[in-house]
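Trainee: A structural model of the following input is requested.
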Amino acid sequence: MPYTPVVLFDWGDTVMRDDPASSVPMVEWPQVHAVEGIAEVLAYLQAAGCQSVLATSANISDEPQIRAALARAGLDRYFSRIYCFKNTGLPKGAAFYNHILSDLGISASQSIMVGDTFEKDVRDANAVGIYAVWFNPRSAETRQDLLYRTVHSMDELLTFLSS
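Mentor: This is a model prediction of the structure:
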């Protein structure tokens, strides 16, 4: 992977395990859990001088609630910025990614998106020129193209990012 100063991460089921049946902000859940291996990936990126940014379509939690949920898992210190529906007014899609690039003052080639939902995290990021990694721990399915690849674990993501 060429040096990419900004790595965008989806939140639910990429950074922290999600419970789609829950209707309250994650920070209020009795327990929260980081996705296995994500702390190591984030620590590596921080040590390598990369910026980690949360890019989530979550619409129940606002930015302070997301940061507080991340803090409960010991991950908040890794994220310089958090973009969500409540602070952008945008659902995940091309306009959402363009907003992030504009706000950060970077081009698509200076970023990479990592997420577990192929359409929103890969296809929509690719639509604005962002290279994406589909995090697919649920099956053996692998998809790869010029603008995306698949990983099935955070260990595999770490190997890719450090290569």
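Trainee: give me the element the residue of the chain positioned farthest from its centre is part of.
Mentor: Farthest-out residue of the chain from its mean C-alpha position, per CA atoms, centre = their mean: Pro30, at 23.1 Å. Assessed by DSSP states H and E, Pro30 sits outside every helix and strand.
Trainee: For this protein, which segments count as helices?
Mentor: Remark: helices assigned in the chain by DSSP state H are 38-47, 63-72, 85-88, 94-104, 124-126, 154-162.
Trainee: how about the second one: buried residues?
Mentor: This means helix 63-72. By neighbour count on 16 or more other CB atoms under 10 Å, the buried set for helix 63-72 is Glu63, Gln65, Ile66, Arg67, Ala68, Ala69, Leu70, Arg72. In short, each C-beta sits where N, CA and C put it, glycine included.
Trainee: now, which of these sits nearest Leu54?
Mentor: Ile66 (6.7 Å; CB to CB).
Trainee: Could you check how far the closest residue to the closest one other than its chain neighbours is from Ala69?
Mentor: In space, and not counting its chain neighbours, Ile66 is closest to Ile82: 5.4 Å by CB to CB, 6 or more residues apart in numbering. Look at Ile82 and Ala69: by CB to CB, to the nearest Å, they are 11 Å apart.
Trainee: Equivalent analysis for Asp10, please.
Mentor: 14 Å.
Trainee: if I read this right, Met26 contacts Val15, doesn't it?
Mentor: No - in this structure Met26 lies outside contact range of Val15 using CB atoms under 8 Å: 10.6 Å.
Trainee: Those two: which is more packed in?
Mentor: Val15 (30 against 23; other CB atoms under 10 Å).
Trainee: Tell me which residues touch that one, please.
Mentor: Phe9, Ala34, Val35, Ile38, Leu54, Leu70, Leu75 (CB atoms under 8 Å, 6 or more residues apart in numbering).
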